[in-house]
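Participant: Could you work out the structure for the sequence below:
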Amino acid sequence: MKKKKGLLVVFAIASIVMSAASCGHVEISTSSLEEKPASSQPESSQSIESSNISSEQSSEHSSEESIVVSSEESSIVSSEESSVVSSEQSSSSSEETSSSSAYTGPQVGDTVKKWTSTNDYNGLPMETPNNPEAGYGYRNVFKGFGHDDECSLSYDLKAGYDKKGYITSALPKTPYFKNKDAKNGYIISLYFYAIKNSNIASFQLQALSTNYADEIYGLPINVTSADEETWKRVTVSFDSVDDFKAFRLIYTVKDKTKEASFLIDDINITIGTPTVTDPRTPKEESLYKLYEDDFKIGTCLSGYSLNSSNIKKLTLQHFNSITAENEGKPEHVLDQAGCKRLMAEGNNAGVAIKTSSFKSVYDFAEANHIRVRHHTFVWHNQTPDWFFTTDYNEGSPLVSKEVMLARMENYIMVSLKSINDMYPGLVYAIDVANEAIDGGVVRKNKNKWYDTIGSDYVYYAMKFAHKWKGDFQDLYYNDYSYDFVSNNCSYALNTLLKKAISEKLVDGLGIQGHLMYFTNMDTIIKDAKMIKEKGLKCQITELDIGITENTADMYTKQTAAYKSLMDKILAAEKKGEIDINAIVWWGVSDNYSWRNDEWPLLFDSSYNKKDSYYAVYNAKANS
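Facilitator: So this is what the prediction gives:
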């Protein structure tokens, strides 16, 4: 994307009246600024800013959002888009990278057909049916405003029956999107922009196979007043072995008597892994498929580990949940330059974030139809000290509780909004707060959240996340402190989270599961039982079982530990005593583990299955 020089243009849409022939420049003005997610332009770092909640406003205030994309402003210091490499991973620097292999054509995650509107507006991608059942109205090429350029398509439509209508790729006389453009598992996506008072209630993409034999629906995206004047993404996966025919953008309206007005842009078809398997195809051994009736089997990835073709292959074969290892943590997401910019504008609680750090992991997950756990928002560790100071500089005085609560809400709000606008339906679980227990009580030492807000900071984190989350997302408190001490789990449930649980702000607890070969696995079961008794969901979120020496005897003990854990989990699940819905390993192979000198995972440094893998596999296969 070419960067604009000069001032950021502020657009507002009062009305959209254009002729398709003229396509002249139209200035738009708005009360809130649109967000341009980082996914739209991978070569450009994005900084997303939120300034809607000030320290003077109550956290109950139902405020309108203002999210600013600063990547196009020459005056803004853009974030560095570098991959995150932990010191523990440095031993794997000799790992092969995908860039070193010969080019073999389009790969999973590549966009193979797109309508960006800058050069394509003469080849129209979607048209309205203009009939009473499917809706009718006007479509115009809109020059001067778009998601990632200066052109888009605008629609002023009346809905059909049941307050619904659609526009479709099948109607243009010369179809822009053709049958060959999508195959089994490919992802169709576009960005929409509902204008102020648009009358839009929701959007949903539908994919259709030849002769309309398969009608495949993506996740419906509800549109509230807070979502208007914001570019948001909607997707559908072509889950069919038949030939692709067309796709539709289905819209619902709030008032059938009024027009619905919106824009669309950046219509993409991206290669995804096949989702529908011929029943005659031999089944490949897979952990997640083996356990699919019990719980998700997950792993964590980093931008660094995704350079390994072996890691990607094992992930696709064995795991159906992904967590970004470090890239979603505050120190990689919070944008200091953007925060300072907001402060210079007079908002001492404004928060700017970067989405570039976790983009490669989330892009990989989406292209391969794997759901994501987002990790994490509120943590005493890996959160920069400058975030808590009066001027966003490290070493300056700490802000007041009121300011920090406003910053916390803005941080959570802009993060959730950005994630859900960029990757609709992808993130199913969120570690809202992490490791707030130390010595059986709330963590006080080296904890700026406690220093600024106090002992109830986890409650506020859950409250704000619940306010801004999607309906499809579960909120978790995550900790390792009860891996070995069940009293800490009791403290979490009955003290730390008591108020949040009573207000139904918490969906579940994450047991991290950083264990040793000698751990008493009954502790994990005891924790899971307490969690279920509170009516909450449970996940094991960061599982690895370490050993102290690289010897055959130690690997035998590790295998026994994994067998004990899985046997106990399956037995307790069968009795209905616990309800674990995901087990996530903290890495794929030993050489990429943060505990690589304890060899804690299911695959060794040569990507071979260890005996511990077979312990996990056989626990279910033989049950």
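Participant: any chance you could map the helices in the protein?
Facilitator: Ranges of helices within the chain are 287-290, 309-318, 330-333, 336-344, 356-367, 401-422, 448-452, 457-468, 486-491, 498-502, 522-533, 552-575, 611-621, based on DSSP state H.
Participant: Select, out of those, the one closest to Phe377.
Facilitator: helix 401-422 (5.5 Å; CB to CB). Any C-beta I mention is one placed from the backbone N, CA and C, and that applies to glycine too.
Participant: Can you give the distance of the closest one from its chain's centre?
Facilitator: Helix 401-422 sits 15 Å away from the centroid of its parent chain (CA atoms, centre = their mean, to the nearest Å).
Participant: Check which helices and strands it sits against.
Facilitator: Contacts defined by 3 or more CB pairs under 8 Å, 6 or more residues apart in numbering; DSSP states H and E place helix 401-422 against strand 47-50, strand 67-69, strand 231-237, strand 351-354, strand 371-379, strand 427-434, helix 448-452, helix 457-468.
Participant: Need the ones you listed in TSV (columns: mean neighbour count, distance to Lys113 and mean pLDDT).
Facilitator: Below are those laid out as TSV (neighbours: other CB atoms under 10 Å; distance: least, CB to CB, whole Å; pLDDT from 0 to 100):
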stretch	mean neighbour count	distance to Lys113	mean pLDDT
strand 47-50	26	28	72
strand 67-69	24	25	36
strand 231-237	23	15	97
strand 351-354	27	29	97
strand 371-379	24	25	98
strand 427-434	26	26	98
helix 448-452	20	46	98
helix 457-468	23	34	98
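Participant: With distance to Gly513 as extra columns, can I get those in TSV?
Facilitator: Shown next, in TSV, are those (distance: least, CB to CB, whole Å):
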stretch	distance to Gly513
strand 47-50	33
strand 67-69	36
strand 231-237	31
strand 351-354	29
strand 371-379	14
strand 427-434	13
helix 448-452	24
helix 457-468	20
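Participant: re earlier: how about the helices of the chain, which one is nearest Ser152?
Facilitator: helix 401-422 (16.3 Å).
Participant: quick one, that closest one and strand 427-434 angle?
Facilitator: 160 degrees (axes from the mean of the first three to the mean of the last three CA atoms, to 10 degrees).
Participant: what angle do helix 401-422 and helix 457-468 make?
Facilitator: On the basis of the same axes, to 10 degrees, helix 401-422 is oriented at 40 degrees to helix 457-468.
Participant: May I have helix 401-422 as CSV, with CA atoms only?
Facilitator: Output of helix 401-422 as CSV, limited to C-alpha atoms (Å, rounded to 0.1, in the frame of the first residue of the first chain):
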residue,chain,number,x,y,z
LYS,A,401,-6.7,3.5,39.2
GLU,A,402,-9.3,5.4,37.2
VAL,A,403,-6.9,6.0,34.3
MET,A,404,-5.6,2.4,34.4
LEU,A,405,-9.2,1.0,34.3
ALA,A,406,-9.9,3.1,31.2
ARG,A,407,-6.7,1.9,29.6
MET,A,408,-7.5,-1.7,30.4
GLU,A,409,-10.9,-1.5,28.8
ASN,A,410,-9.6,0.3,25.8
TYR,A,411,-6.9,-2.3,25.4
ILE,A,412,-9.3,-5.2,25.6
MET,A,413,-11.9,-3.5,23.5
VAL,A,414,-9.6,-2.6,20.6
SER,A,415,-7.9,-6.0,20.7
LEU,A,416,-11.2,-7.9,20.5
LYS,A,417,-12.7,-5.6,17.9
SER,A,418,-9.6,-5.9,15.7
ILE,A,419,-9.4,-9.7,16.0
ASN,A,420,-13.1,-10.2,15.3
ASP,A,421,-13.1,-7.7,12.4
MET,A,422,-10.1,-9.3,10.8
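Participant: Could you tell me how many residues sit around Thr277?
Facilitator: 11 (other CB atoms under 10 Å).
Participant: Pull up the gap between it and Lys296, please.
Facilitator: 19 Å (CB to CB, to the nearest Å).
Participant: what does His375 give?
Facilitator: 15 Å.
Participant: Verify the contact between Ser605 and Asn591 for me.
Facilitator: Yes: using CB atoms under 8 Å, Ser605 is in contact with Asn591, at 3.8 Å.
Participant: Those two: which is more packed in?
Facilitator: Neighbour totals were compared for Ser605 and Asn591, and Asn591 leads with 24 against 16 (other CB under 10 Å).
Participant: So the more buried one sits against Asn608, correct?
Facilitator: No: using CB under 8 Å as the test, Asn591 is too far from Asn608 to be in contact (11.5 Å).
Participant: Mind checking the pLDDT average for stretch 470-483?
Facilitator: What stretch 470-483 shows for mean pLDDT is 96.
Participant: Please spell out which residues along it are buried.
Facilitator: Buried residues in stretch 470-483, counted by 16 or more other CB atoms under 10 Å: 470, 473-483.
Participant: could those residues go into JSON lines alongside distance to Leu543?
Facilitator: JSON lines is the format used below for the buried residues of stretch 470-483 (distance: CB to CB, whole Å):
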{"residue": "Gly470", "distance to Leu543": "26"}
{"residue": "Gln473", "distance to Leu543": "22"}
{"residue": "Asp474", "distance to Leu543": "18"}
{"residue": "Leu475", "distance to Leu543": "20"}
{"residue": "Tyr476", "distance to Leu543": "15"}
{"residue": "Tyr477", "distance to Leu543": "17"}
{"residue": "Asn478", "distance to Leu543": "12"}
{"residue": "Asp479", "distance to Leu543": "14"}
{"residue": "Tyr480", "distance to Leu543": "11"}
{"residue": "Ser481", "distance to Leu543": "16"}
{"residue": "Tyr482", "distance to Leu543": "14"}
{"residue": "Asp483", "distance to Leu543": "10"}
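Participant: Just give me the closest of those to Ser623.
Facilitator: Among those, Asp483 lies closest to Ser623 (CB to CB), at 24.3 Å.
Participant: so how far is Asp597 from the residue nearest to Tyr614 when sequence neighbours are not counted?
Facilitator: For Tyr614, ignoring the flanking residues on the chain, the nearest one in space by CB to CB, 6 or more residues apart in numbering is Thr559 at 7.7 Å. Distance of Thr559 to Asp597, given as CB to CB: 19 Å.
Participant: So between those two, which is more surrounded?
Facilitator: The neighbour comparison of Thr559 against Asp597 (other CB under 10 Å) goes to Thr559, with 20 against 14.
Participant: tell me the contacts of the more buried one?
Facilitator: Thr559 makes contact with 610-612, 614-615 under the criterion CB atoms under 8 Å, 6 or more residues apart in numbering.
Participant: Quickly note the distance from the closest residue to Val223 other than its chain neighbours to Lys164.
Facilitator: Excluding the flanking residues, the one nearest Val223 by CB to CB, 6+ apart is Ile200, at 4.6 Å. Here Ile200 is placed at a distance of 11 Å from Lys164 (CB to CB).
Participant: Overlap of the contact sets of the two?
Facilitator: With CB under 8 Å, 6+ apart as the test, Ile200 and Lys164 both reach 251-253.
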